[in-house]
Each structure stands twice: as structure tokens, then as C-alpha cells.
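Engineer: give me the fold of what follows.
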Amino acid sequence: MRASVVIPCFNSLKYLPETLVTVLAQTYDDFEVVLVDDGGSDDLAGWAATFPDGTGDPRVRVVRQENAGVSAARNLGVTSAQGDVVVFCDSDDLWAPTLVADLVGALDRNPAAGLAYGWYDLVDGDGTPTGRVVRSEWEGDVWEQFVTRNPVSASAVAVPRAVLDDVGLFLVNRDRFPIDVEDWELWIRIAGKYPVVVVREVLAHHRRHDSNSSSNVESLSAAYAHLLAAVFDDETPARQALRPSATARTELLLAWHCLNDRQDPAAALDHLKVAKAHDPDVRRSTEFWRILAAATALRATGDRGYGWVRSANRAARRVLSALPVHKLRRESTYSP
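Structural biologist: Modelled structure (predicted):
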């Protein structure tokens, strides 16, 4: 078997049926789907046995563990996988029909590569596009880029099983950080040893909704600090020099979370100050000024004014997303 699709699940049946429809509709046919039940109470195995037509799909199987978090669930999926390539997907995201074919094909054309990833966009809880498309041109030796931003969606990435056997699996830090960034850490670890290849097409649709786990700002802050220590502490002086820039970028991410998840402009502005202290050049980025504008609008006019800013941003992005790719600015961080 060429590919294994690993989907971690925890009481995921609100969105999983739609997700699995897009996975099973792939144009590529040499794959299995491993649903990892992370100790849920929704009888995932019973549901999977009858999905989608009452008789189940022979490509789908379920493995179960006691609740241990998404990293442990992904790791169990990897160790249970039978394919030569592992393709990851979250239980609420959606796939383009060619995702597996495109990612596996990219690895086949680049046998030295340790990771293939594609572009993705953001949709709301109903699956409606928000206009936010995350594109990246980074490929080849990208360690220095990956430590400053994470352009890889955990639902649009494929890794050869041999590479995971070499570099190891996802770190399991749930007891320390309820919300972790373990996927980013693994992509960096892979990029430190292997070249990376990108597929320049939107392959996945990342769903943002109220139950997304990334709203715990305190946990994210601690997880980012842990990530930076894990990445940089034992590196060469040349690589250590990138730490201030990487730290500033994590502060921008935290600022966005303070705005989007908490509507807390004061906290967002504090993160901007910390970002600027670590790397004054961060003020040259449009992202810095967008955060500043959004925080200022929220502080001055409240939720109504901030809502207007978000609506205007999304309307502009919808227009931009329709333009030819060469006219669009590449980004890889979240915004309102």
C-alpha cells in the first residue's frame, strides 16, 4: 500500500462525516484511512462500520486509545499505518479531490524529500470560504524559513514513513501544554535533515469554528516558548541568530489570537511590543501594521468597529483570492 491517511478523532462526528466524504473521494486509489479514536464517547468504530452507505468502506479502519491528545493519536495512527507515505488530516477539515495524488506525486518526483505540503484556505464552521488563502513558495532547504513561520497545515502534508522512523514522531506535551504546536516542531525537525517540496495548489480547507482548540492563548504562549527552546538551544551560532526573528513571529501569532479569540486589544498590543523588542525589523512587515490597526479599531470602537475591520479584510481577501497567483503576496500566518 502506498499511502495511509491518519485522522485523529475525539467526539468528532459533527464534522467528520463531511471530512471523510472528501477523503474517500480522492482521485488517488492506493490508500487506507486510519481513524484514531482518542478515547471518545461517540462510538466512532460503530459509526465507521456503516459509513457512508450502511455497509462501511473497506479502506477505513479504526484504532482506539485512552484519551491522550492529538499528538499521541497521530503517533498511534502512524505506528498503525501500512502505507509507505503518511498523509495527515484533521477531523474537521476538507480536502480537494487531488490532495493525495498531488502530495504523493510530489514525493515520487523528489525521492530525497522528507515532506510534501500544499496550500490551504480557511473556511468557517459551515464550510464557507473566509477569503484567507495560505500560500508558500518555500521548498528545498527551508529550515531557516520554517523556524520563523509555519506554512504547513496538518491537513495538507505528506511524510514518507521512513522519514518519520528516522526523525521521530510528534512530541506529546499535553500534560504541560493543553494546546501545543507539536506539528510545527515536527516539520522543523524534518526540514533540519531533509529537503521539502511544495505543491502550489489549494489542497485543503481548514475549518475555523468556536470549538477549535487554538483559542487557549496561555497554553499557546507556553507552547511557543517550548518550541523555540527545542529548536534553538542546541543549534549552531549561525542558526541561533534567527531566534529573535522567530520569537517576534510567535508574538504576532499570539497577538492575532488575542484579537480573534478574546477581543482583547490591550493584550494584542502588548504582544506587538514584545515582538518589536525581540526584532525591531518586524515593524517592516504589513502583518505588524494590520494587527496594530485591528487592535486600535477594537480599542476605540469596540466589537462593532473590529467586526467592520474583519469584514473589510475578508472582503478584500476574497477579491485577492480571485487574482492570478503571481499577483498575490505570499503569507503563512493567520489574521482576522
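Engineer: so which helix or strand takes in residue 163?
Structural biologist: According to DSSP states H and E, residue 163 maps onto helix 161-167.
Engineer: for the protein, what are the low-confidence residue spans?
Structural biologist: 210-215, 303-336 (pLDDT under 70).
Engineer: show the subsequent helix or strand relative to the lengthiest strand in the chain.
Structural biologist: Longest strand of the chain, by residue count under DSSP state E: strand 196-207. Next helix or strand after strand 196-207 toward the C-terminus (DSSP H and E): helix 217-232.
Engineer: report the distance from that following helix to the chain centre.
Structural biologist: What separates the centre of helix 217-232 from the centre of its chain is 16 Å, taken as C-alpha atoms, centre = their mean, to the nearest Å.
Engineer: show residues contacting that helix.
Structural biologist: 147, 171, 173, 176-181, 184-185, 188, 214, 239-240, 242-243, 246-247, 250, 253-254, 257-258, 261-262, 267 (C-beta atoms under 8 Å, 6 or more residues apart in numbering). For the C-beta atoms, the positions are set from N, CA and C on the backbone; glycine is no exception.
Engineer: tell me what the helix or strand that the helix holding residue 163 is followed by is packed against?
Structural biologist: Heading C-terminal from helix 161-167, the first helix or strand you meet, by DSSP H and E, is helix 182-191. Judged by 3 or more C-beta pairs under 8 Å, 6 or more residues apart in numbering; DSSP states H and E, helix 182-191 is in contact with strand 115-123, helix 143-146, helix 161-167, helix 217-232.
Engineer: same thing but 6 Å
Structural biologist: helix 143-146 (3 or more C-beta pairs under 6 Å, 6 or more residues apart in numbering; DSSP states H and E).
Engineer: which other helices and strands does the helix it packs on contact?
Structural biologist: Applying 3+ C-beta pairs under 6 Å, 6+ apart, we find helix 143-146 packed against helix 182-191.
Engineer: and the angle from the helix it packs on to strand 115-123?
Structural biologist: With axes from the mean of the first three to the mean of the last three C-alpha atoms, to 10 degrees applied, the angle from helix 182-191 to strand 115-123 works out at 150 degrees.
Engineer: residue numbering should commence at 45 henceforth.
Structural biologist: Done: numbering now begins at 45, and the last item shifts to helix 226-235.
Engineer: off-centre distance for helix 226-235?
Structural biologist: With C-alpha atoms, centre = their mean as the basis, helix 226-235 stands 11 Å off its chain's centre.
Engineer: number of residues surrounding residue 201?
Structural biologist: 25 (other C-beta atoms under 10 Å).
Engineer: so it bridges to which residues?
Structural biologist: residue 132, residue 161 (DSSP bridges).
Engineer: mind checking how far it is from residue 68?
Structural biologist: 19 Å (C-beta to C-beta, to the nearest Å).
Engineer: and the residue nearest the centre of the protein?
Structural biologist: residue 197 (3.1 Å; C-alpha atoms, centre = their mean).
Engineer: in contact with that one, which residues?
Structural biologist: Taking C-beta atoms under 6 Å, 6 or more residues apart in numbering, we find residue 197 in contact with 164, 248, 250.
Engineer: turn those residues into JSON lines, including neighbour count and distance to residue 131.
Structural biologist: Shown next, in JSON lines, are these (neighbours: other C-beta atoms under 10 Å; distance: C-beta to C-beta, whole Å):
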{"residue": "164", "neighbour count": "29", "distance to residue 131": "14"}
{"residue": "248", "neighbour count": "26", "distance to residue 131": "10"}
{"residue": "250", "neighbour count": "21", "distance to residue 131": "15"}
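Engineer: would you format those residues as a markdown table with distance to residue 94 included?
Structural biologist: Below are the contacts of residue 197 laid out as a markdown table (distance: C-beta to C-beta, whole Å):
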| residue | distance to residue 94 |
| --- | --- |
| 164 | 30 |
| 248 | 26 |
| 250 | 28 |
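Engineer: and of the residues you listed, the nearest to residue 100?
Structural biologist: Nearest to residue 100 among those: residue 248, at 24.6 Å, using C-beta to C-beta.
Engineer: list the contacts for that closest one?
Structural biologist: Residue 248 makes contacts with 137, 139, 164, 197, 199, 200, as judged by C-beta under 6 Å, 6+ apart.
Engineer: who's in contact with the second one?
Structural biologist: When you say that, I think you mean residue 139. 66, 67, 248.
Engineer: between those, which is nearest residue 346?
Structural biologist: Taking the contacts of residue 139 together and measuring to residue 346 by C-beta to C-beta, the closest member is residue 248, at 34.3 Å.
Engineer: identify the bridge partners of the closest one.
Structural biologist: On the basis of DSSP bridges, residue 248 is bridged to residue 139, residue 164.
Engineer: returning to that earlier point: can I take it that the residue nearest to the centre of the chain is in a helix?
Structural biologist: No: secondary structure of residue 197 (DSSP: H, G, I helix; E, B strand; the rest coil): coil, not part of a helix.
Engineer: what's near enough to touch the nearest residue to it once chain neighbours are set aside?
Structural biologist: Spatial nearest neighbour of residue 197, excluding adjacent residues (C-beta to C-beta, 6 or more residues apart in numbering): residue 164 at 4.4 Å. For residue 164, the contact set (C-beta under 6 Å, 6+ apart) comprises 178, 197, 200, 248, 250.
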